[in-house]
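Trainee: Just need the structure, nothing else, for what follows:
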Amino acid sequence: MAPDEIVTAVKDAGLKGRGGAGFSTGLKWSLMPKDESMNIRYLLCNADEMEPGTYKDRLLMEQLPHLLVEGMLISAFALKAWRGYIFLRGEYIEAAQHLRRAIAEATEAGLLGKKYPWHRF
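Mentor: Below you'll find the model as predicted:
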């Protein structure tokens, strides 16, 4: 799929943010400037659970860290991002260890870095 096709698929799926506004992810993505010549794009994954009693992000990172990395890769490709960052709580030591391992494995497999078609990430 081409980047624009991914954005359209996310729009059509009705994926929404978890913030109070429930803003459409596909709509948000479609608002990215079309002219890439004047900016370097970054992708930020906010994995800091600020809602009281919520542990979904931690469980995802500890049990399925590759799912998060893969989702970021697809998102970065769709948005033509150059770098990705994951923001998580300092207390999530185990989650950070799992993520580091998943990122290292993705890099070793050639999915991150300069070996892959979206080598900008």
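
Trainee: can we go C-alpha only for contacts and neighbour counts from here?
Mentor: OK.

Trainee: Tell me where the protein has strands.
Mentor: Using DSSP state E, the strands of the chain run over residues 42-46, 83-87.

Trainee: got a list of contacts for the last one?
Mentor: Strand 83-87 is contacted by residues 41-48, 72, 76, 120-121 when judged by C-alpha atoms under 8 Å, 6 or more residues apart in numbering.

Trainee: got the buried residues for it?
Mentor: 83-84 (16 or more other C-alpha atoms under 10 Å).

Trainee: any idea of the mean pLDDT in that strand?
Mentor: Averaged over strand 83-87, pLDDT sits at 92.

Trainee: and that strand, C-alpha only, in PDB?
Mentor: In PDB, the C-alpha atoms belonging to strand 83-87 read as follows (Å, rounded to 0.1, in the frame of the first residue of the first chain):
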ATOM      1  CA  ARG A  83      12.200   9.400  13.200                       C
ATOM      2  CA  GLY A  84      10.100   7.800  15.900                       C
ATOM      3  CA  TYR A  85      10.000   8.300  19.600                       C
ATOM      4  CA  ILE A  86       8.200   6.400  22.300                       C
ATOM      5  CA  PHE A  87       7.300   8.300  25.500                       C
END
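
Trainee: ok and that strand relative to strand 42-46, angle-wise?
Mentor: 20 degrees (axes from the mean of the first three to the mean of the last three C-alpha atoms, to 10 degrees).

Trainee: who does strand 83-87 pair up with?
Mentor: Counting by DSSP bridges, the strands paired with strand 83-87 are strand 42-46 (parallel).
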